[in-house]
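K.L.:
task: produce atomic coordinates for the following.
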Amino acid sequence: MAARTKPGKPGQRGGRDLLGEAQDLVYQAWEILNLKRRLTLARKALAISPDCADAYVLLAAAANSPAETLELYRKGLAAGERAIGKRAFEDDVGLFWGILETRPYMHACACLAPSLWDCGQHVNWTFVFGTSKSRSLAPARTKSAAVSKDFNSH
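P.N.:
Sure thing, here's the model as predicted:
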């Protein structure tokens, strides 16, 4: 059975936890030009922690079909949600950009949106702005033929 990480508190990733180790492999993979080696590191990252959203994003970028790409981005989004925990979606809305641990989740969101569009699933995505320095991306609950930007004054 693979080791799993527990959802952490945003902003408090300390020590050498499994998700941190997996994310470090992804950072290394981003620096490698060789696609095969890059994908190997992404798979190793997922073996260390299945909650490593950026590893799924790396794999999705090299997928063979739009359907496979979409599936991997969805897995990345789910991994990001697990990694930051449900509480962050209640307590930190509008602050995600300033919390480093939420960035892999937002990365998966940002990649998922055009992938959904490419597969004919036109979803309305909302960009939520908290302060001038905090930006979050979240799926709206309605389907639409266009992508919109809604601004929140929190």
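
K.L.:
now for the chain, the helix or strand with the poorest mean pLDDT.
P.N.:
strand 135-143 (a mean of 43; mean pLDDT, DSSP states H and E).

K.L.:
below-threshold pLDDT in the chain: ranges please.
P.N.:
Low-confidence segments of the chain (pLDDT under 70): 1-16, 122-154.

K.L.:
for the closest residue to Ile48 other than its chain neighbours, give me its contacts.
P.N.:
By the measure of C-beta to C-beta, 6 or more residues apart in numbering, the closest residue to Ile48 outside its immediate chain neighbours is Ala22, 4.3 Å from it. Using the backbone N, CA and C atoms, a C-beta is placed for each residue, glycine as well. Going by C-beta atoms under 8 Å, 6 or more residues apart in numbering, Ala22 touches Lys44, Ala45, Leu46, Ile48, Ser49, Asp51, Cys52, Ala55.

K.L.:
could you provide these in TSV, with additional columns for neighbour count and distance to Pro66?
P.N.:
Supplementary listing: the contacts of Ala22 in TSV, determined by neighbours: other C-beta atoms under 10 Å; distance: C-beta to C-beta, whole Å:
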residue	neighbour count	distance to Pro66
Lys44	17	26
Ala45	27	23
Leu46	21	21
Ile48	22	28
Ser49	24	27
Asp51	25	25
Cys52	30	23
Ala55	30	20
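
K.L.:
returning to that earlier point: the residue nearest to Ile48: which element?
P.N.:
In this assignment (DSSP states H and E), Ala22 forms part of helix 18-30.

K.L.:
tell me the helix or strand right after that helix.
P.N.:
Following helix 18-30 in sequence order, the next helix or strand is helix 35-48 (DSSP H and E).

K.L.:
just checking, what packs against that next one?
P.N.:
Here helix 35-48 touches helix 18-30, helix 53-61, going by 3 or more C-beta pairs under 8 Å, 6 or more residues apart in numbering; DSSP states H and E.
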